[in-house]
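Undergrad: sequence first, predicted coordinates after that:
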Amino acid sequence: MNAFNQALKRANISNTEIDYSVGTGYGRVKIPFANKNISEISCHGRGAHYLLPGVHTIIDIGGQDSKVIRVNEEGKLIDFTMNDKCAAGTGRFIEVMARTLETTLENMGPLALKSLHPKMITAQCSVFAETEVVSLIADGVPVEDIVAGLTDSIASRIVSLVNRIGLKPDLTITGGVAKNIGVVKSIETKLNLLIKPIPIDPQIIGALGAALFAKEELIKKQAEEKGRKLKKWDF
């Protein structure tokens, strides 16, 4: 509710002016004021397609999982795949590694691009990967080479998901990790394809999609109410 109230305050409106709202994300079922709940997969697909109508494949790298989403020409979900078994390849994984390397989250992308000799990270588990990184630091491996290795490891996992679902251009990335230039460039290299950049903050694409669904549901609701009124007086 705090986030909702802050959003209302910034928009300079009251909750009585909200006609319809859609909850999304992992906590969507706990949003008390939502009229409907829709998965973040559908919302990211709808939001990305709204901003970039030519997009049919969306990579969403969030804090808890990674997803690859396919939408049709109307932005409707047709297929998806995800990696939610392990934190490796997620935003949370990058945060942990940034702390281990004593750098900032914002610096991880630029550091990766500075590397001349990326150090391959062999561990497939986030816990083992952190142990491997600590060993590399102790061996004196340059931080940028370690970061580049981590970046390539994340990109490889994402590309595996893309290949599993099948790539249909255009392609874009949503979620916080879309701000990591190192990960974006590594995915582009592995897929041999330029990624269409999201023109706004990629972290709010799910919220944008939810808002678009809310508008759609409200229009549908208003049309049904109008139809009932017309039918009532049809005699």
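TA: That came through, no problem.

Undergrad: buried set for stretch 35-44?
TA: For stretch 35-44, a neighbour-count test (16 or more other C-beta atoms under 10 Å) marks 38-44 as buried. (Each C-beta comes from the backbone N, C-alpha and C, glycine too.)

Undergrad: enumerate the positions of the longest helix along the chain that are buried.
TA: Secondary structure assigned by DSSP state H gives helix 205-232 as the longest helix of the chain. Neighbour-count burial for helix 205-232 flags 205-214, 217-218 (criterion: 16+ other C-beta under 10 Å).

Undergrad: now do the contacts for residue 121.
TA: 129, 132-133, 146, 149-150, 152-153 (C-beta atoms under 8 Å, 6 or more residues apart in numbering).

Undergrad: ok, those vs residue 5, which is closest?
TA: Nearest to residue 5 among the contacts of residue 121: residue 150, at 38.1 Å, using C-beta to C-beta.

Undergrad: report how many residues lie close to the closest one.
TA: Residue 150 has 30 neighbours, counted by other C-beta atoms under 10 Å.

Undergrad: for the remainder of this discussion, apply numbering that starts at 707.
TA: Okay, using 707 as the starting number, the last item reads as residue 856.

Undergrad: show me what the helix or strand that it is a member of is packed up against.
TA: Mapping residue 856 onto the secondary structure by DSSP states H and E places it in helix 849-871. On a contact count with 3 or more C-beta pairs under 8 Å, 6 or more residues apart in numbering; DSSP states H and E, helix 849-871 meets strand 763-767, strand 772-777, strand 783-789, helix 797-806, helix 814-820, helix 832-844, helix 887-897.
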